[in-house]
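>>> Sequence first, then the predicted structure:
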Amino acid sequence: MARRRLALVLAGLCIFAGLVGIRQANGDPFDHTIAMSGDPVAVAVDSQTQRAFVINGADFTVSVIDTVSGEVIRSVAIGTGANTLAVVDRTNRVFVPNTGDNTVSILDARSGLVRHTVALGYSPSLIAVNHASGRVYVTNTPSATLSILDGSSGALLHTVPLRSEPLAMAVNTVTGRLFIAAGDNTVQARDAETGKLLHTTSVGGFPAAIGVDPRTSRVFVADPTHAAVKILDGRTGAVLRVTHVAKNPIALVTLNTLGRVAVASLSTMPNATGPSVVSILDAGTGQLLQSLPISAGPQALAADDRDGAVLVDVGTAILEIDATTGVVTHSLPVLGIRFTGQAMAVDTSTGHLFIVNSDNSNPSTNDNVVGWVHQWLPWLPHRVPSPYGSISEYDARR
């Protein structure tokens, strides 16, 4: 059970309260700092409707923000225990799995109003979207099942038993395949329409995070057990290459336009030595191109695919890294604690970065890590939801 809970933390890292006075390197402030109703934990952006959606953990609401003006349009009630969400561009819907009451809330991306609430399996947690078909995938982790929903109505189309507890998901919209990293150290390839199992690949180690390159059908799996990224052929499941990186690779993002994969390795894990590292791989060959030591363990990782930039939250700052050169182009000093992997989101149409500020305290790096994982590791010190919180908006291309 402990291993599964830790797995959810590692898989979710793939992505803040009361940040005040955050500034760019040139001294200009963030475009907006927007007060939230309490303990914001995750953010997603819909560039078509110019809306940002923020989960507030303290009062079980989603705040809807106009990304142009920075104004909160409304806050709507959802279920309990939500800590991730996803926008379906094709249908202008926002899906929010409510882990606490076994439902998913479906919001209209223009108005922000809740259109549907759908009952799912026990403890819905991970979510992925097929932006080509509009299908939405939600895993019910303890029961090891997959729910496939219609991206407009939210209708439950299929409930698929999985062979092991799901840890992470990625969709190839070109080939119509869904890839699920599972707790039995495998990657399952499934038909993205029906959920039918196509093939299973043993990756020989713990699959903490997963990503795909639709152009090459490559699948990238972060394996902290062996300090490696396993590269699979998405069509056959064959392991094409094993690329060794720094210890404890626990998060990755793909930059498909540039043909790069960014991998974050965490130095604060028990078996780690030395600094945390961001590694840049060639998505076509799997070759390691750059390894960039960073000041502290990454708490969230995001990519601006259009601009070729990797964004890394290291607790005290957000680093913007050029994925071609591996050079840090900006470092933005910040305060606060990040409690989920979806702590920042990029609007790829404008280059604006939205950062969740969950608390206005100024903790140590170790406190950041303990606070972030406590919800899955109950023996760690308990975090009380903060009544404070905000969203900061920054023009990452300025």
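Alright, I've got the coordinates. From a predicted model like this one, the values you see are computed outputs, not experimental measurements. Residues are numbered from 1 along each chain as shown.
>>> got the contact list for residue 81?
98-101 (C-beta atoms under 8 Å, 6 or more residues apart in numbering). C-beta here means a position set from N, CA and C on the backbone, and glycine is covered the same way.
>>> could you pull out the helices for the stretch 1-150 of the chain?
2-12 (DSSP state H, counting those that start in this stretch).
>>> Okay, now the unreliable bits of it?
1-32 (pLDDT under 70).
>>> swap in the stretch 201-350 of the chain?
Using pLDDT under 70, the flagged stretches of the stretch 201-350 of the chain are 267-274, 297, 333-342.
>>> Check the gap between the closest residue to residue 146 other than its chain neighbours and residue 227 for me.
If you skip the residues right next to it in sequence, residue 146 has residue 160 as its closest partner in space, 4.4 Å away by C-beta to C-beta, 6 or more residues apart in numbering. Distance from residue 160 to residue 227, counting by C-beta to C-beta, to the nearest Å: 32 Å.
>>> Over to residue 213: give its phi and psi.
With angles defined as degrees, to the nearest 10, residue 213 sits at phi -110, psi 100.
>>> wait, it sits on residue 231?
No. Look at residue 213 against residue 231 with C-beta atoms under 8 Å: they stay out of range, at 9.6 Å.
>>> List the buried residues of the strand or helix carrying residue 200.
Here residue 200 sits within strand 197-202, counting by DSSP states H and E. By 16 or more other C-beta atoms under 10 Å, the buried positions in strand 197-202 come out as 200-201.
>>> partners of it in the sheet?
Partner strands and pairing direction for strand 197-202 (DSSP bridges) are strand 186-191 (antiparallel).
>>> Tell me how far the strand it pairs with lies from the chain's centre.
20 Å (C-alpha atoms, centre = their mean, to the nearest Å).
>>> what comes up buried for that strand?
Residues 186-190 are the ones in strand 186-191 that count as buried (16+ other C-beta under 10 Å).
>>> Same question for stretch 118-125.
118, 120-121, 123-125.
>>> So what touches it?
Here stretch 118-125 has contacts from 8, 84, 97-99, 102-104, 106, 138-143, 145, 147, 149, 154-156, 159, using C-beta under 8 Å, 6+ apart.
>>> do the same with stretch 305-313
By C-beta under 8 Å, 6+ apart, the list of residues contacting stretch 305-313 from outside reads 253-258, 260, 262, 264, 278, 280, 294, 298-304, 318-324, 329, 334, 338, 343-344, 346, 348-349, 351, 353, 355, 396-397.
>>> go again using 6 Å as the cut-off
255, 257-258, 262, 278, 298-303, 319-321, 323-324, 338, 348, 351, 397 (C-beta atoms under 6 Å, 6 or more residues apart in numbering).
>>> Now that residue 221 has come up, it's in contact with residue 211, right?
No. Assessed by C-beta atoms under 6 Å, residue 221 is found out of contact with residue 211, at 8.3 Å.
>>> quick one: which of these two has more around it?
Shown here are residue 221 and residue 211; by other C-beta atoms under 10 Å, residue 221 has more neighbours (29 against 25).
>>> Can you give me every residue that contacts the more buried one?
187, 203, 207, 210, 230.
>>> relative to strand 186-191, how tilted is the helix or strand where it lies?
Residue 221 belongs to strand 218-223 when elements are defined using DSSP H and E. Using axes from the mean of the first three to the mean of the last three C-alpha atoms, to 10 degrees, the inter-axis angle of strand 218-223 relative to strand 186-191 is 150 degrees.
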